[in-house]
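K.L.:
need the 3D shape of this:
(chains A and B)
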Amino acid sequence: MRLRIGLLAAGAVTALWGVWELIRAVDLPALVRLPLWLGGAVVADDFVIVPLTVGIGWLVTRWSAGPGRHRTVGVVRTTLLYVGITSLIALPLLLRQGTGANPTVLPRDYLRDWLLLEATIVAVGYLCLMFRRSRASSGDIGGR
Amino acid sequence: MKLPAPPTEKSFASPLHHPRVATVIGRWLGTAVAVCFLTGLYSHFLQDTPSWLPIPSRPANLYRVTQGLHVLSGIVAVPLLLAKLWTVYPKLFAKFDPKAIRPAIERLSILVLVSSMALELFIGFVNTLQWYPWPFPFRQTHYALAWIIVGALLVHLAVKLPLIRANWRRTPEPAPESLPAETTGLTRRGLFRTVAGAATLVGIASVGQSAPAFGPVAVLAPRKPNVGPQGLPVNRTAEAAGVTGIDADWRFTIVGPRQLSYTLEELRALPQSRSDLPIACVEGWSQGARWEGVRMRDLLAAAGAAPNSRVRVVSMEKGGFYATSELPEEFAADPLTLLALRLNGAELALDHGFPARIIAPNRPGVLQTKWVHSLEVMT
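P.N.:
Numbers count the residues shown, from 1 in each chain, chains lettered A, B, ... in the order given. Below is the predicted model:
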């Protein structure tokens, strides 16, 4: 209990220090708009990205009920997740392509690189899928 | 028309929405947050050094490593944060009694934690693209939010401590009622592998901006460390800084016990030294380079100043936060610190600070002042 109270007190003091830093260094018009951005971050996570993941996960699980799919559903799910997370991080790069402050900022062809990255992820996923299928059909009746 | 009922905590069937899963992914995320916070604090103090804090000039590559880790841990935290949010997502729909105080504190701390961490990671990454679409100043907000995140995280740990303790070690995995786990492939170990894989994948695809070995596959990095004039990227170009070059009557001056003035030819005629030092930017990219020029401590000796004097460096740059910088005693005295005239075997390019710039070990790139035209001994 003492540890919990200690953590609680330390946390409150640290967070208040952050709030103080914020008030000290950021002027009022910017400070007023900050909660909008904080709220936007929650909306993006809790009402867009995570529900999308839950929804796609639900579809994949439904799809996996078909015959023979229990061996491959893991690979399908992982491939989709990797495509999703890399695309999310690539998004700002794709939006800002060609607008770097100078030629050494954002120097790559991000559209080409993003397509190559996704193609690689899908190709590796496909190879894993083939490998699982061939193992399954060669008489290894593991699982079910 | 009747709207469908909103989901409740029970609507999410996956057995992976479990405290054990939250504990394991929380540990990973906590580690990333700790690394990111400490390296960020170090960078903050290098740029904004309080007078009571001595910062060593060695190891020469320290800032390169810490700032590379700062950006890397931030990027890796993105999939970890999303996985953590997914795991505890049903809690968002749990019944909430507005009169009970403890759940209210818990919810408030989580709201603060999630909103500030998500925004912090977003503005941190987008800052590495030098893109600032928000109405608040980046540096100050990023710094203050970091303290708020750590505070909210400590409160969160305090609230959840019994649950974390109960799930610190492996707990038996509940068998789902309908289908065995093999059917849907939803095992905890499978999820951990997938999340660790996602974190590794985004890490490898971006770390190449600070680790040249991974440069060719750094498809998610806003910088290529070998792209730029003389094989080195640039943050602020001469054009952006309003510097167009030098006139024939250009003089480099030192204001100290003795006042000195040099033409560029005279600077080149002084004994030259070589330093292999990186430019390590606060935005995470870094690249090693070979610099040649006059040792700072030789210049100080010529001006009759002590070798460990504090020095103000004045640039020809017009305006901006970094038109002047201060070189603390230990950095001025370090034999690696140069007033550099040459880079990678050729005269400095204008974008790299022609005719002369500061290069010192273990310093953020923004403090390696370019287009230097005078030094002022401060002590």
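K.L.:
ok, now which ones touch B:Arg312?
P.N.:
B:324-327, B:375-376, B:378 (C-beta atoms under 8 Å, 6 or more residues apart in numbering or on different chains). Where C-beta positions appear, they are placed from N, C-alpha and C, glycine not excepted.
K.L.:
so it, which of the three states?
P.N.:
Following DSSP: H, G, I helix; E, B strand; the rest coil, the label given to B:Arg312 is strand.
K.L.:
before we move on, what SS does B:Ala22 have?
P.N.:
Applying three-state DSSP to B:Ala22 yields a three-state assignment of helix.
K.L.:
next up, the contacts around the closest residue to it other than its chain neighbours.
P.N.:
Spatial nearest neighbour of B:Ala22, chain neighbours left out: B:Thr87 (4.8 Å); criterion: C-beta to C-beta, 6 or more residues apart in numbering or on different chains. Taking C-beta under 8 Å, 6+ apart, we find B:Thr87 in contact with B:16-18, B:21-22, B:25.
K.L.:
about what we covered before: quick one: which of the contacts of B:Arg312 is most hemmed in?
P.N.:
With neighbours set by other C-beta atoms under 10 Å in any protein chain shown, the maximum within these is found at B:Leu375, which has 27 neighbours.
K.L.:
distance-wise, check that one relative to B:Ser315.
P.N.:
Between B:Leu375 and B:Ser315 the distance is 11 Å, computed by C-beta to C-beta, to the nearest Å.
K.L.:
kindly reformat the contacts of B:Thr87 as JSON lines containing neighbour count.
P.N.:
Conversion of those to JSON lines gives the following (neighbours: other C-beta atoms under 10 Å in any protein chain shown):
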{"residue": "B:Leu16", "neighbour count": "21"}
{"residue": "B:His17", "neighbour count": "17"}
{"residue": "B:His18", "neighbour count": "18"}
{"residue": "B:Val21", "neighbour count": "24"}
{"residue": "B:Ala22", "neighbour count": "23"}
{"residue": "B:Ile25", "neighbour count": "25"}
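K.L.:
what's the most distant pair in these?
P.N.:
In terms of C-beta to C-beta, the contacts of B:Thr87 reach their longest pairwise distance at B:His17 and B:Ile25, which sit 11.6 Å apart.
K.L.:
hmm, back to that, among the contacts of B:Arg312, name the ones in strands.
P.N.:
Those of those mapping onto strands are B:324-327, B:375-376, per DSSP state E.
K.L.:
name the surrounding residues that touch stretch A:28-41.
P.N.:
Counting by C-beta under 8 Å, 6+ apart, stretch A:28-41 makes contact with A:22-23, A:26, B:114-116, B:118-119, B:122, B:134-137, B:141, all of which sit outside it.
K.L.:
circling back to that earlier point, closest one of the contacts of B:Thr87 to A:Thr72?
P.N.:
For the contacts of B:Thr87, the nearest to A:Thr72 is B:Leu16 (19.0 Å; C-beta to C-beta).
K.L.:
below-threshold pLDDT in chain A: ranges please.
P.N.:
Across chain A, residues meeting the criterion (pLDDT under 70) sit at A:139-144.
K.L.:
ranges for the helices of it?
P.N.:
In order along the chain, chain A carries the following helices (DSSP state H): A:2-25, A:28-44, A:50-63, A:73-96, A:110-137.
K.L.:
so which of the ones you listed has the densest surroundings on average?
P.N.:
Mean neighbour count, computed with mean count of other C-beta atoms under 10 Å in any protein chain shown, is highest for helix A:73-96 among the helices of chain A, reaching a mean of 19.
K.L.:
pick out the most distant pair among the contacts of stretch A:28-41.
P.N.:
B:Val114 and B:Pro137 (22.8 Å).
K.L.:
of these two, which one has the most company?
P.N.:
B:Val114 (23 against 14).
K.L.:
for chain A, give me its nearest residue in the stretch 251-379 of chain B.
P.N.:
Using C-beta to the nearest C-beta, the point where the stretch 251-379 of chain B gets nearest to chain A is B:Asp351, with a distance of 7.8 Å.
K.L.:
can you pull the contacts of that residue?
P.N.:
For B:Asp351, the contacting residues are A:102, B:228-229, B:234, B:237-238, taking C-beta under 8 Å, 6+ apart as the criterion.
K.L.:
so which of these comes closest to B:Leu46?
P.N.:
Taking C-beta to C-beta as the measure, B:Leu46 lies nearest B:Val234 of those, at 20.5 Å.
K.L.:
you'd agree that closest one is up against A:Thr104?
P.N.:
Yes. B:Val234 lies in contact with A:Thr104 (C-beta atoms under 8 Å); the separation is 5.0 Å.
K.L.:
the more surrounded of the two?
P.N.:
B:Val234 (25 against 22).
K.L.:
for that one, pull up the helix or strand it's in.
P.N.:
With elements delineated by DSSP states H and E, B:Val234 resides in a region that no helix or strand encompasses.
K.L.:
so what's B:Pro54 up against?
P.N.:
Shown in contact with B:Pro54 (C-beta under 8 Å, 6+ apart): B:328, B:330.
K.L.:
so who does the closest residue to chain A within the stretch 1-150 of chain B touch?
P.N.:
Among residues of the stretch 1-150 of chain B, the one nearest chain A by C-beta to the nearest C-beta turns out to be B:Trp147. It sits 3.0 Å away. Applying C-beta under 8 Å, 6+ apart to B:Trp147 gives the contacts A:14-15, A:17-18, A:21.
K.L.:
of the contacts of B:Asp351, which is the most crowded?
P.N.:
Across the contacts of B:Asp351, neighbour numbers were computed from other C-beta under 10 Å; B:Val234 holds the maximum, 25 neighbours.
K.L.:
I'd like to know how far it sits from B:Ile279.
P.N.:
With distances taken as C-beta to C-beta, B:Val234 is found 9 Å from B:Ile279.
K.L.:
who touches the spatially most central residue of chain A in this structure?
P.N.:
Relative to the mean C-alpha position of chain A, the nearest C-alpha, by C-alpha atoms, centre = their mean, is the one of A:Ile85, at 3.6 Å. By C-beta under 8 Å, 6+ apart, A:Ile85 lies in contact with B:78-79, B:82, B:198, B:201-202.
K.L.:
now the residue of the stretch 1-150 of chain B closest to chain A, what's its secondary structure?
P.N.:
State at B:Trp147, reduced to three classes by three-state DSSP: helix.
K.L.:
who touches the closest residue to it other than its chain neighbours in this structure?
P.N.:
If you skip the residues right next to it in sequence, B:Trp147 has A:Gly18 as its closest partner in space, 3.0 Å away by C-beta to C-beta, 6+ apart. A:Gly18 makes contact with B:144-151 under the criterion C-beta under 8 Å, 6+ apart.
K.L.:
just send the residues you listed back as JSON lines, with pLDDT too.
P.N.:
Output for those, formatted as JSON lines (pLDDT from 0 to 100):
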{"residue": "B:Ala144", "pLDDT": "98"}
{"residue": "B:Leu145", "pLDDT": "98"}
{"residue": "B:Ala146", "pLDDT": "98"}
{"residue": "B:Trp147", "pLDDT": "98"}
{"residue": "B:Ile148", "pLDDT": "98"}
{"residue": "B:Ile149", "pLDDT": "98"}
{"residue": "B:Val150", "pLDDT": "98"}
{"residue": "B:Gly151", "pLDDT": "97"}
